[in-house]
Structures are given as C-alpha cells and as structure tokens.
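J.: Sharing a model that was predicted from the sequence below.
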Amino acid sequence: MKTLIKALLITLCIAGPASAITISVADAGWSYEPTVPTIAERVLALEKEVKLRAEQSEQALNKATQAMEKRLDGMNEFRDTLKDQAGTFVTRAEMLAVSGIVATIVSIFITIVLNIFNVWKVKA
C-alpha cells in the first residue's frame with residue numbers, strides 16, 4: 001500500500017502543474033479559469049481515495065465473511081440432522097442378532113407345525 005502511494009506521489013510530482021487555461025465569453029458575462037491542484041491537494045485527494053477503497057474493500061470482506069458464516073451454519077444444521085437421523089438407525093450387529101432370533105423362532109414354528117401334521121397324519 002505504501003509503495004502504491006509513493007508511486008502515485010512521484011507520478012503527480014512529475015506531471016507538474018499545467019498552465020492555467022482561461023475561457024471567456026464576453027457576451028454571456030462569465031469566464032472559466034480551471035485551477036490546477038497543488039501537490040498537497042493531490043496528495044490529500046489521493047489519501048481520501050485510498051481510504052475510501054480500503055473501506056469499500058473491508059465492507060466487501062465483511063459481507064463475504066457473513067455470507068460464508070451463514071452458509072456454514074446451514075451446513076452444520078444439515079450435519080446435525082443427519083447425525084440425529086443416523087442415531088435412530090439399526091446397527092448391523094443389532095440386525096444380525098434380531099434376524100438370528102427370528103430365524104430360530106421360524107425354525108421352531110415349522111418343526112411344531114410338521115409335528116402336528118405327523119400327529120394328525122396329514123401329508124404336507
């Protein structure tokens with residue numbers, strides 16, 4: 001930033017003041033004399049411009065940071081939802097245990113039914 005300011009100051013010093021131009025219109029009753037800003041005025045104007053750009057840059061950065069934080073909050077909510085949902089799922093170990101129990105019960109039931117058919121001498 002300091003290098004930029006120095007380069008601009010050198011450029012302003014090299015450019016130097018231009019000769020004043022006078023435009024006069026006697027019939028209209030007015031005249032125009034552009035004033036050439038001094039080096040100090042140019043430096044002050046440049047300083048104001050640099051401060052303005054720095055403020056604008058900071059504002060843009062703040063807006064981008066807020067947008068990113070909002071996005072990350074949304075992502076965290078989604079992750080929490082997935083985590084809560086995953087907590088309600090049956091684990092593989094639980095499922096294998098339940099399926100083993102169900103298989104055993106079905107096997108016993110089939111055995112009982114076949115025994116009943118044998119007692120009644122019904123052919124399946």
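T.: Perfect, I can see it now.

J.: hey, let's count contacts and neighbours off CA atoms from now on
T.: OK.

J.: and Asp84, how many neighbours?
T.: 11 (other C-alpha atoms under 10 Å).

J.: That one: which element?
T.: Using DSSP states H and E, Asp84 maps to helix 39-87.

J.: ok, then the element right after that helix?
T.: helix 92-120.

J.: Can you spell out which helices and strands pack onto that next one?
T.: The helices and strands touching helix 92-120, judged by 3 or more C-alpha pairs under 8 Å, 6 or more residues apart in numbering; DSSP states H and E, number zero.

J.: If we go by neighbour counts, what in that helix is buried?
T.: By neighbour count on 16 or more other C-alpha atoms under 10 Å, the buried set for helix 92-120 is Leu114.

J.: Low-confidence stretches in the protein?
T.: 1-37, 122-124 (pLDDT under 70).

J.: Can you spell out the domain ranges of it, please?
T.: As recorded under automatic domain parsing, the domains making up the chain are 2-89, 91-124.

J.: picking that back up, check which helices and strands the helix holding Asp84 sits against.
T.: helix 2-15.

J.: Apply 7 Å and report the result again.
T.: Helix 39-87 makes packing contacts with no helix or strand when contacts are defined by 3 or more C-alpha pairs under 7 Å, 6 or more residues apart in numbering; DSSP states H and E.

J.: what are the phi and psi values for Val90?
T.: When quoted as degrees, to the nearest 10, the phi and psi of Val90 stand at phi -80, psi 140.

J.: before we move on, what about Phe89?
T.: Torsion angles, degrees, to the nearest 10, at Phe89: phi -80, psi 150.

J.: That one: what's it in contact with?
T.: For Phe89, the contact set (C-alpha atoms under 7 Å, 6 or more residues apart in numbering) is empty.

J.: Can you give me the distance of it to Ala103?
T.: 21 Å (C-alpha to C-alpha, to the nearest Å).

J.: now swap in Lys48 and tell me
T.: From Lys48 to Ala103 the distance is 83 Å (C-alpha to C-alpha).

J.: ditto for Leu52
T.: Using C-alpha to C-alpha, one obtains 77 Å as the distance from Leu52 to Ala103.
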